[in-house]
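Trainee: With the sequence up front, the predicted model follows.
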Amino acid sequence: MSERETMEYDVIVVGAGPSGLAFAIRLKQIKPEITVCVIEKASTIGAQILSGAVIEPQPLDALLPGWRDTPPPVCIPAKEDEFWLLSKTGARKLPIPPGMHNQGNFIVSLGAMCAWLAPQAEALGVDIFPGFAAAENIYNDDGSVAGVRIGDMGVAKDGTHKSGYTQGIDIKAKLTVLAEGARGHLTKQLIKRFQLDKESDPQGYSIGIKELWQVPAGRVQPGKIVHSFGWPADNHTYAGSFLYHLDKDRIALGYVSGLDYSDPDYQPWEAFQQWKNHPTVKSLLEGGTILSAGARAIVTGGYQSLPNVEMPGALLIGDTAGLLNVPKIKGTHQAIRSGMLAAEHVADSLSSAGWNAKLRGSEVMVELKKVRNIKPGFKKGLWWGMLNAAWETVTGGASPWTLKNKADWNALHKLGQQEEPKRDYAQRDLAPRDRLAGVYFAATEHDEDQPIHLRVADTTICIDRCTTEYGNPCQRFCPANVYEIVQDEAGKRLQINAANCVHCKTCDIKDPYQIIDWVTPEGGSGPNYQNL
């Protein structure tokens, strides 16, 4: 094997999301002479960014003071908030929780916003490389992080080299910044290697499933923001919806399910489709068409699940660190803020030393600490959670206690362990008809002849244990129909439809045996979201 080609920078950023791009822009603003590159596994910048998204603009104002003069292509001022409790056929309008008042905020496509941010980073001298997947961390002789290795291109499913094979290069840097988003592939390895989570609770996640619709003229009220909870979730499943009115007769809508749910039969994708058929939503969508669809894990552990965010040669920012504010359902402002703060911290030394203390002493953590007990409170049920949320809001999070988080994968009850709720589902007729149709609207692309990027350590567990203990929940929690238990001449086996994968990471998080490992596929593979 020939020696790998190497590129060297002062700083490498893994991930061209809001935190990674904000870091790169701010660092070059402070120290133009520093060499910075950003690598992104998606085919284009923003193609795999998925979020609601309503953003608080203050951090963006600080990063790019003139941004409102030439805003991103999807950027609608927030005008009206509504908050609803749903039953199967009815709805009750409730007061807006304090954290969900959106006056002064903007509805954006986060993917389009990142595509808009990237050229501004490049104008400052940042090198941005989409379509290159960071497959491995590389290390110096002293054990510190030395940079990343780009995955090889042109490897066949059986491991042989195809005619277009290209060996991935090593990109070395004095500092590596992990901005991969929730459940980052490299971050997961680094957390284990450096025991970054030994003093924190397990991280928690939700899955957000989203669609963008074109609807008949006259139904959209640009700037209107609607959130709901209740049906179709039961009282012990943390879940809720968002519905954002955009311009050009478009509506962005989605459903978020906490991955700490206990019922092995729960289906996050089906819950979303059920919610769309509620009378208050269906009347908006009927006669419309889906433009784009996708799914993504959301990091929701908050304050008590924040790992140590520094290690020799590298640091964590944004959702990779776990900075989303769950009650607000917002993380973009925290991502940008943390990216800027990290850039200011490392500008002189290019060292990660002291970053953990810096972040924990910042307004980023002040915000997370105030709301630290709200999501964990819902583990005791919807109504106890609502009362606890009201208490925590009124007191500004001043409770002398901090509720604990547990690992999502450990939350599933085994079949028959307890009586699971009967799902009061409705007849649904809005598109898409099934998960495969949803995958079509994600425009996901993978070369079928590449190594499967969903590695199952022991598939016999799937058949011998999981079938009887949990009923193979991977077939239900995956929103893209990646996992199937099939019967053929050789008997039952697990079939992995890796080409369907939308890179949401749910399987890596929720698998009750923790034997599924999501690794990055060939660069450029995966979903290609449009204005999600």
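Mentor: Okay, I see it.

Trainee: okay, now G524: neighbour count?
Mentor: By the criterion of other CB atoms under 10 Å, G524 has 20 neighbours. Quick note: C-beta positions are derived from backbone N, CA and C, even for glycine.

Trainee: so how far is I150 from it?
Mentor: In this view, G524 and I150 are 12 Å apart by CB to CB, to the nearest Å.

Trainee: repeat for S19
Mentor: 21 Å.

Trainee: So these two - more neighbours on which side?
Mentor: S19 (32 against 26).

Trainee: That one: what's it in contact with?
Mentor: A179, I317, G318, D319, T320, A335, I336, S338, G339 (CB atoms under 8 Å, 6 or more residues apart in numbering).

Trainee: now do 7 Å
Mentor: A179, I317, G318, A335, I336, S338, G339 (CB atoms under 7 Å, 6 or more residues apart in numbering).

Trainee: How far away from the center of its chain is stretch 149-161?
Mentor: Relative to the centre of its chain, stretch 149-161 is centred 26 Å away, using CA atoms, centre = their mean, to the nearest Å.

Trainee: Just the ones of the contacts of S19 in strands?
Mentor: Nothing among these maps onto strands, per DSSP state E.

Trainee: Distance-wise, check S87 relative to F229.
Mentor: For S87, the distance to F229 - CB to CB - is 11 Å.

Trainee: Correction: the previous question concerned A252.
Mentor: 18 Å.

Trainee: more neighbours, the two?
Mentor: A252 (26 against 19).

Trainee: Chain neighbours aside, what residue packs nearest to the more buried one?
Mentor: What sits nearest to A252 in space, not counting adjacent residues and going by CB to CB, 6 or more residues apart in numbering, is Y244, at 4.5 Å.

Trainee: residues touching that neighbour, list them.
Mentor: With CB under 7 Å, 6+ apart, Y244 has these contacts: G52, V54, I107, I225, I251, A252.

Trainee: please redo it, this time with the cut-off set to 8 Å
Mentor: So Y244 contacts G52, V54, I107, K224, I225, V226, I251, A252, L253 (CB under 8 Å, 6+ apart).

Trainee: Flag whichever of those residues scores worst on pLDDT.
Mentor: Note: of those, the lowest pLDDT belongs to G52, at 90.

Trainee: nearest residue to that residue other than its sequence neighbours?
Mentor: Nearest to G52 is F242, by CB to CB, 6+ apart, at 5.3 Å.

Trainee: Which pLDDT does the model give the nearest residue to K492 once chain neighbours are set aside?
Mentor: Closest residue in space to K492, ignoring its immediate chain neighbours: I463 at 5.0 Å, by CB to CB, 6+ apart. The score at I463 is 96. That number is its pLDDT.

Trainee: and what of the one 4 residues further on?
Mentor: The predicted local confidence for T467 comes out at a pLDDT of 97.

Trainee: That one touches Q487, doesn't it?
Mentor: No. If you go by CB atoms under 8 Å, T467 and Q487 don't touch, sitting 11.5 Å apart.

Trainee: more crowded one of these two?
Mentor: Set T467 next to Q487 and count neighbours by other CB under 10 Å: T467 wins out with 14 against 8.

Trainee: which residues in the stretch 201-350 of the chain form strands?
Mentor: 205-214, 224-230, 239-245, 250-258, 289-299, 310-311, 314-316 (DSSP state E, counting those that start in this stretch).

Trainee: quick one, the second one and strand 250-258 angle?
Mentor: An angle of 30 degrees separates the directions of strand 224-230 and strand 250-258 when computed by axes from the mean of the first three to the mean of the last three CA atoms, to 10 degrees.

Trainee: what packs against strand 224-230?
Mentor: strand 80-86, strand 239-245 (3 or more CB pairs under 8 Å, 6 or more residues apart in numbering; DSSP states H and E).

Trainee: Name every strand pairing with the first one and say which way it goes.
Mentor: When sheet partners are counted by DSSP bridges, strand 80-86 sits next to strand 91-94 (antiparallel), strand 224-230 (parallel).

Trainee: Please work out which residues outside the first one touch it.
Mentor: Read that as strand 91-94. So strand 91-94 is contacted by E82, F83, W84, L85, S228, H278, P279, T280 (CB under 8 Å, 6+ apart).

Trainee: which other helices and strands contact the helix or strand that contains I39?
Mentor: Using DSSP states H and E, the element containing I39 is strand 36-40. Strand 36-40 is packed against strand 6-14, helix 18-30, strand 127-130, strand 170-178, with contacts defined by 3+ CB pairs under 8 Å, 6+ apart.

Trainee: how far away is the closest residue to S43 other than its chain neighbours from D158?
Mentor: The shortest distance from S43 to any non-neighbouring residue, by CB to CB, 6+ apart, is to G524 (4.3 Å). According to CB to CB, G524 stands 21 Å off from D158.

Trainee: could you pull out the helices for the stretch 401-532 of the chain?
Mentor: 435-441, 459-461, 467-469, 474-477, 506-510 (DSSP state H, counting those that start in this stretch).

Trainee: that older thread, between G524 and I150, which contacts overlap?
Mentor: Between them, G524 and I150 share the contacting residues A133, judged by CB under 8 Å, 6+ apart.

Trainee: which residues touch G258?
Mentor: So G258 contacts G204, Y205, S206, T237, Y238, A239, T300, K375, F378, D408 (CB under 8 Å, 6+ apart).

Trainee: State the pLDDT value of the first one.
Mentor: As summarised for this prediction, G204 has a pLDDT of 98.

Trainee: next one: phi and psi at it?
Mentor: Dihedral pair for G204: phi -120, psi 160, per degrees, to the nearest 10.
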